[in-house]
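1. Quick one, fold the following:
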Amino acid sequence: MVTAVLQHELLLGSRRFRVYVMRWLLAGWLVLQVLWLYVLFQSEFLGRQFVAGLRFWAPLTVQPSAPEVVGYWFAEIYVTQQILLLLGLIPALMAGAITDEKRKGTLQYLLLTEVGTTDLIVGKMLGRLLQVLLVLLAGLPLFALMAGFAGLAPRTLLFVALSLVLPTFGLSSLTMLASVWFRQTRDAVLALYVAGVLGALVVRQVGGPLLFLDPLYCLAPVWGSPVTHDLPEATRRLLGNMLAWGLLGGLALLTAILSLRPVYLREIQNLGRIAPRWRSGEREPIEDQPVFWRERFVEGLAPNATLRAIPQWLAIGLLAGLSTLSSLAILAFSLTGSLAELAQALLQLNVRQVADLMPEASTGFLVQGIVAMLLGSLIVGIRASGAITAEREKQTWEALLLSPLTAKSIVQQKMWGILGASYWYLVAYAAPALALSSLSGPLGFLYTLLWLGATVLAMYFIGAAGLWCSVRAPNSWRALLNTTLLGYLGGLAIYTVTSPFIFLLAGMLLLLLALIDWWVGTSLAELAYRNGTNFFRVFAISSAIALVVTFYLLARSFLYRTQRYIADRERVMHWYDEPYYSRPDYPEQRRRRRVI
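-> So this is what the prediction gives:
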């Protein structure tokens, strides 16, 4: 029965266009890397020739072999990239093996057939794993060619292949276990990525026997010139690598096989413990906005039930403590004088002296504000990307569409419900950050305040983009991926395009400060510019202002498009007070209208 499941997975995988796109993208990326490494090699050689030419008594250097040097550079980068691709692609392409069946409601029928849980898990794992290998094999011919140019020994290539076999099996088994334990693909992928990052940090920091989990550690004795190879040490490390990943993968695969039926039965029966009253608290009563109430007080800001089990008061307290520790660390590391001088300046309310004692504190609070903006928007984006796809997976979206709520009301209530769940977390971060940043001077306080506003608007923007992606994506994982790419890569592209306008805004701020100086008699413009050294601070303030405006306008556009998509494509019944959008604005509807 493993063969039947494997054939079915391969058939479905052949219909997915994304595997072919990933292969072409990976091949193109590797070719660009080779060209870039060749450009670096030529630029470095020309630099050496130029220096040698300036020293007329020194002979010109002989150009080394370009294929050998570039091939060696590429081989080192390729092995590291293969490991990163395994960590990235295996969860992304394999985590939906079981969760997709849960979402479609077909897993219960599969478990009623003659297919056992072992056949089901192993067949799906092999089928998905072959799709991952199809993507990774796209760069293998180029690696073999460049490794030959670099003069790498055949045993090095053999150790590279062997050191990646068992980690691939271990990662695949862990991914199947996550797919069994979680209901949604998005939750399984995020849990695997978080566990992978934490695991890599633990391996690097602890070391010892845990280093056998690192393939690069196993390849170190056989990398480079064959003269320096240490085959006994490399063999010992390879056997340790295979033993560690084999045990980890075997335990994960066995756990996934044994827990598939109990976990799924618990999910479909919705069995769970009722949280104690001291931990859960009491919910607010339902008012006239039921969708808003559900998103804010029932679903909250956590994307899954495991995180929702954490009490809100505990999470808020931890966030407030983390914000306090981070702000105190910024003040402590930027202090150039003594604590007695700082205390005396604070008691005398001497703001200038406090700023002089901590000259780099403002930069620290700027970085903290940017990090808070990225993390806050990411959490809201994860939550908003599953706001509508989760309704479809729970089969409650059709019932919500049949209610008297308009499309605009549904979207607005979901948006403000998600943002409303984040208010107390924003307060927990902002209160200590604003209070402690004021001790570093007016610039640190201004940075914290402006980037707090940018954080609020970034959460609004990412939330709107998440709703737009959620209404168009087939599942929560695809919606989250689209939200991340649209929100962060799109935001970076917009920031790059609008950089000239930000420079113009910074110049206008300097002009405004100059006018204030002329009117009042101060020297704010000179202090802000100071021969161009402080212009970065003015540019950071201008960036925060520009991002606030941009995020607001884009969020309004995404919300409007989401409402229009629901009203035109998914709504069956339109109520009398619901705005009617023009249907022929969509391409297929225009074609249908011409045919009619």
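2. how about the residue sitting nearest the centre point of the chain, secondary structure?
-> The chain has Thr484 as the residue nearest its centroid, 6.6 Å off, counting by C-alpha atoms, centre = their mean. Secondary structure assignment for Thr484 (DSSP: H, G, I helix; E, B strand; the rest coil): helix.
3. Could I get the pLDDT score of the residue nearest to it when sequence neighbours are not counted?
-> Nearest non-adjacent residue to Thr484, counting by C-beta to C-beta, 6 or more residues apart in numbering: Gly381, 6.7 Å away. (Each C-beta comes from the backbone N, C-alpha and C, glycine too.) Looking at Gly381, its pLDDT reads 89.
4. All the helices of the stretch 451-596 of the chain, residue numbers only.
-> With DSSP state H, counting those that start in this stretch as the criterion, the stretch 451-596 of the chain has helices at 476-484, 490-497, 499-520, 524-529, 535-565, 587-595.
5. give the contact list for the residue nearest to Thr484.
-> Each residue near Gly381 by C-beta atoms under 8 Å, 6 or more residues apart in numbering is listed here: Ile462, Gly463, Ala465, Gly466, Leu480, Thr483, Thr484, Gly487.
6. is it true that Gln368 touches Leu325?
-> No. In this structure, Gln368 is not within contact of Leu325 by C-beta atoms under 8 Å, at 11.3 Å.
7. Comparing the two, which residue is more hemmed in?
-> Gln368 (22 against 11; other C-beta atoms under 10 Å).
8. for the residue nearest to Thr484, helix, strand, or coil?
-> Per three-state DSSP, Gly381 ends up helix.
9. quick one: contacts for Thr396?
-> Per C-beta under 8 Å, 6+ apart, neighbours of Thr396: none.
10. Let's see the pLDDT reported for it.
-> Predicted confidence (pLDDT) for Thr396: 85.
11. Just give the number of residues close to the closest residue to Leu260 other than its chain neighbours.
-> Nearest residue to Leu260, sequence neighbours excluded (C-beta to C-beta, 6+ apart): Thr117, at 4.7 Å. When neighbours are defined as other C-beta under 10 Å, Thr117 has 17 of them.
12. wait, doesn't Thr117 sit right on Val263?
-> No. At 10.8 Å, Thr117 does not count as touching Val263 under the criterion of C-beta under 8 Å.
13. the helices in the stretch 51-200 of the chain, which residues?
-> Here the stretch 51-200 of the chain has its helices, by DSSP H, counting those that start in this stretch, at 66-94, 96-104, 107-111, 117-136, 140-150, 154-181, 185-206.
14. And these: which comes nearest Gln344?
-> Closest approach to Gln344 among those (C-beta to C-beta): helix 185-206, 40.2 Å.
15. Distance-wise, check the residue nearest to Leu260 relative to Tyr552.
-> 51 Å (C-beta to C-beta, to the nearest Å).
16. Check Pro303 too.
-> Pro303 is 25 Å from Tyr552, by C-beta to C-beta.
17. And these two? Which one has more around it.
-> Taking other C-beta under 10 Å, Pro303 and Tyr552 do not tie; Pro303 has more neighbours (23 against 15).
18. from what I can see the more buried one touches Ala387, true?
-> No. The pair Pro303 / Ala387 is not scored as a contact, 10.0 Å apart, by C-beta under 8 Å.
19. Check the burial of Lys124 by counting its neighbours.
-> Using other C-beta under 10 Å: Lys124 sits among 24 other residues.
20. before we move on, what about Val202?
-> 12.
21. Next, the residue nearest to it when sequence neighbours are not counted: secondary structure please.
-> Nearest non-adjacent residue to Val202, counting by C-beta to C-beta, 6+ apart: Leu210, 6.8 Å away. Using three-state DSSP, the secondary structure recorded for Leu210 is helix.
22. distance of Leu210 from Leu547?
-> Leu210 is 41 Å from Leu547, by C-beta to C-beta.
23. So for these two, which residue has more residues nearby?
-> Leu547 (24 against 15).
24. Which residues are in contact with the residue nearest to that one when sequence neighbours are not counted?
-> Residue nearest to Leu547 in three dimensions, not counting chain neighbours: Ala454, with 4.9 Å by C-beta to C-beta, 6+ apart. Counting by C-beta under 8 Å, 6+ apart, Ala454 touches Gly369, Met373, Ala544, Leu547, Val548, Phe551.
25. Quick check, the fifth one in contact with Leu457.
-> Yes. With contact defined as C-beta under 8 Å, Val548 and Leu457 form a contacting pair (4.9 Å).
26. my guess is Ser362 contacts Thr448, does it?
-> No. Checked against C-beta under 8 Å, the pair Ser362 and Thr448 is beyond contact range at 9.3 Å.
27. Return the set of buried residues in stretch 184-193.
-> Gln184, Thr185, Arg186, Asp187, Ala188, Val189, Leu190, Ala191, Leu192 (16 or more other C-beta atoms under 10 Å).
28. now it, how far from the centre of its chain.
-> Offset of stretch 184-193 from its chain centre (C-alpha atoms, centre = their mean, to the nearest Å): 12 Å.
29. ok, now stretch 458-469?
-> Chain-centre distance of stretch 458-469: 15 Å, with C-alpha atoms, centre = their mean.
30. I'd like the distance between Val180 and Lys102.
-> Applying C-beta to C-beta to Val180 and Lys102 gives a distance of 9 Å.
31. likewise Thr498?
-> 43 Å.
32. Give me the more crowded residue out of the two.
-> Using other C-beta under 10 Å as the criterion, Thr498 and Lys102 rank with Lys102 on top: 22 against 17.
33. Need the pLDDT of that one.
-> Confidence score, pLDDT, at Lys102: 85.
34. and it, what is it in contact with?
-> Per C-beta under 8 Å, 6+ apart, neighbours of Lys102: Arg183, Tyr264, Glu267.
35. where's the last one relative to Leu152, distance?
-> Translated: Glu267. Distance of Glu267 to Leu152, given as C-beta to C-beta: 49 Å.
36. Between the two, tell me which one has more neighbours.
-> Neighbour count, other C-beta under 10 Å: between Glu267 and Leu152, Leu152 has more, with 22 against 15.
37. Identify the residue spatially nearest to the more buried one, adjacent ones excluded.
-> Closest to Leu152 by C-beta to C-beta, 6+ apart is Ala75, at 6.1 Å.
38. re earlier: okay, the residue nearest to Val202: pLDDT?
-> 85.
39. now swap in Leu357 and tell me
-> At Leu357, pLDDT is 71.
40. do the same with Leu515
-> For Leu515, pLDDT reads 69.
41. Would you check that Gly417 makes contact with Val298?
-> No. The criterion here is C-beta under 8 Å, and Gly417 misses it with Val298 at 9.2 Å.
42. more crowded one of these two?
-> Gly417 (22 against 12).
43. What separation is there between the more buried one and Ala387?
-> 9 Å.
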